[in-house]
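A.B. asks: I would like the atomic coordinates for the input below:
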Amino acid sequence: MQQLEPGVEESVETKPVESKTRRFKGDRGEGVISAAIAVLIMAFLGAAMWIGFQQMWKTTEATTNDKITQIGSE
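C.D. replies: Here you go, the predicted model:
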């Protein structure tokens, strides 16, 4: 504990309980909004990955068909 000067009393500040409940009421719905944002981000990432996968598949398919044609013609 701190040493106080003689004649100085230690004061303790108390906050009313209402201020805590007001703060929580203002945060209501915060988790739902954050979850919705996370879902949207995941949806966009999934769509981008699907488009990339389709492009990769087309390239792989074309290369495979070319190699099969080369092997069959030899």
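
A.B. asks: what is the burial count for L40?
C.D. replies: 10 (other CB atoms under 10 Å). Where you see a C-beta, it was placed from the backbone N, CA and C, and this is true even at glycine.

A.B. asks: quick one: mean pLDDT over the longest helix seen in the chain.
C.D. replies: In the chain, with assignment by DSSP state H, the single longest helix is helix 30-73. Mean per-residue pLDDT for helix 30-73: 94.

A.B. asks: what is that helix packed up against?
C.D. replies: Helices and strands touching helix 30-73, as assessed by 3 or more CB pairs under 8 Å, 6 or more residues apart in numbering; DSSP states H and E, are absent.

A.B. asks: how close does S73 get to D66?
C.D. replies: The gap separating S73 from D66 is 11 Å, by CB to CB, to the nearest Å.

A.B. asks: tell me which of those two has more neighbours.
C.D. replies: D66 (10 against 6).

A.B. asks: how much space between that one and F53?
C.D. replies: Relative to F53, D66 is positioned 20 Å away (CB to CB).
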